[in-house]
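K.L.:
Turn this into a structure:
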Amino acid sequence: MRTALITITAGRHGHLRRQHAGVVSQDVAPDLYVCVSMGDPAVPSQAGRRTVLLRSTGAMPLAAARNRGAEEALADGAELLIFLDVDCIPGRGLVRRYAAAAARIGSQVCVLCGAVSYLPPLQTRRVYTEDELSGLGVEHPERTVTRSEVSDDMNLFWSLSFGMSAAQWESVGGFDERYTGYGAEDTDFAQTVAAAGGGLLWVPDAVAYHQHHESHDPPLQHVASIVRNANTFHARWGWFPMLAWLREFERLGLVSFNETISGWESLGPTG
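P.N.:
Numbers count the residues shown, from 1 in each chain. The predicted structure is shown next:
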C-alpha cells in the first residue's frame with residue numbers, strides 16, 4: 001500500500017523540524033511526505049519532503065490546505081492518506097500501524113484515528129527519544145484510546161492525526177473549503193463521513209505526540225472565524241458546533257445571536 005503523510009503549516013518551523021525527524025525515524029517510512037505551506041514561504045525544504053505553497057493573505061485555509069495536500073499525494077499514486085498536524089511528532093510505528101488498520105477494514109468507509117499524547121514544553125535544542133516522549137505525554141481525557149474498535153460517534157473525530165484510504169477520501173470529497181480560519185472544518189468533515197455511512201476506527205497503537213504551544217480557552221483570537229464557520233456549519237447540518245465557546249463569547253459581550261437570521265454575529269473586530 002503506497003502511503004502519504006500530509007501536514008499543513010504556517011510558522012511553527014521548530015515543530016515542523018521535530019515532526020520531520022519523527023518521519024525520518026519511522027520503522028516503515030511513508031512513500032511520500034507532503035508539507036502544505038499556508039502562505040509561509042519560509043517553510044524550509046528538506047530532503048524527503050515535498051512542499052506545496054498555498055497562497056494565503058487572510059484566515060488560514062485549513063480545509064483547502066488539507067485538500068491540496070491530498071491532491072498532491074493522489075497525483076503521486078498514494079493509496080493511503082495520513083494527515084498529521086504540524087504540532088505532532090509521529091511515533092516510530094505510526095505509518096505502519098495506520099497502513100495495517102486500513103488493510104483490515106478494506107472497502108468499509110471509515111476514518112482512522114490514532115492516539116494523541118500531549119507533551120509539556122520541550123527543550124528547544126534537545127533530541128528526545130520516543131521512550132522519553134511517551135513518559136512525558138498525557139492523553140486527552142475525552143479521547144483515551146485503549147483498543148481498536150469502530151465508533152459511530154463522529155463528534156469524537158479530530159484532525160490532529162487521522163488516516164483514510166484514497167478511494168474513501170475521494171468518495172466523501174475531502175474537506176469543505178467554505179471553512180476558513182479556525183473551527184468546524186473537521187466537525188463538518190466527520191459529519192460528511194457519517195452521511196456516507198462511515199464510522200470512526202480507533203487505532204490505539206498509531207501514536208502521535210502533540211507538541212506544546214500557547215493556546216487560549218476560549219480562543220478569543222478566533223472569534224470572527226468561529227462565528228463564521230459555526231453559521232456555515234448550521235446552514236448545512238442544522239445545529240451549531242462549538243456552542244460552549246459561542247456561549248462564552250456571548251457572556252463576554254463579543255457575539256450575539258440574531259433571531260432574525262438564526263445565526264451568530266460578531267460584535268467587534270476580534271479574530
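K.L.:
Which of the helices or strands spans Pro204?
P.N.:
If you go by DSSP states H and E, Pro204 is part of strand 199-210.
K.L.:
Helices along the chain, start to end?
P.N.:
13-24, 62-75, 94-105, 130-136, 166-172, 185-195, 223-237, 243-251 (DSSP state H).
K.L.:
Show me what the third one is packed against.
P.N.:
It refers to helix 94-105. On a contact count with 3 or more Cβ pairs under 8 Å, 6 or more residues apart in numbering; DSSP states H and E, helix 94-105 meets strand 3-9, strand 80-84, strand 110-118, strand 161-165, strand 199-210. From N, CA and C alone the C-beta is placed, and that goes for glycine too.
K.L.:
could you dump the ones you listed to CSV with mean neighbour count?
P.N.:
Output for these, formatted as CSV (neighbours: other Cβ atoms under 10 Å):
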stretch, mean neighbour count
strand 3-9, 25
strand 80-84, 27
strand 110-118, 23
strand 161-165, 26
strand 199-210, 22
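K.L.:
out of those, which comes closest to Ala70?
P.N.:
strand 80-84 (5.5 Å; Cβ to Cβ).
K.L.:
For that closest one, name the packing helices and strands.
P.N.:
If you count contacts as 3+ Cβ pairs under 8 Å, 6+ apart, strand 80-84 packs onto strand 3-9, helix 62-75, helix 94-105, strand 161-165, helix 166-172.
K.L.:
Which one of the helices of the chain lies nearest to Phe257?
P.N.:
Nearest to Phe257 among those is helix 243-251 (7.0 Å), distances taken as Cβ to Cβ.
K.L.:
mind listing what's buried in that closest one?
P.N.:
By 16 or more other Cβ atoms under 10 Å, the buried positions in helix 243-251 come out as 245-246, 248-249.
K.L.:
Return the closest of the residues you listed with respect to Ala167.
P.N.:
Each of those was scored against Ala167 by Cβ to Cβ, and Trp245 proved nearest at 35.0 Å.
K.L.:
Identify the residues contacting the residue nearest to that closest one when sequence neighbours are not counted.
P.N.:
Spatial nearest neighbour of Trp245, excluding adjacent residues (Cβ to Cβ, 6 or more residues apart in numbering): Pro218 at 4.6 Å. Each residue near Pro218 by Cβ atoms under 8 Å, 6 or more residues apart in numbering is listed here: 244-245, 248-249.
K.L.:
Look up how far Ser117 lies from the spatially closest residue to Gly93 that is not a sequence neighbour.
P.N.:
In space, and not counting its chain neighbours, Gly93 is closest to Asp27: 5.6 Å by Cβ to Cβ, 6+ apart. From Asp27 across to Ser117, the span is 18 Å (Cβ to Cβ, to the nearest Å).
K.L.:
No more questions from me, cheers.
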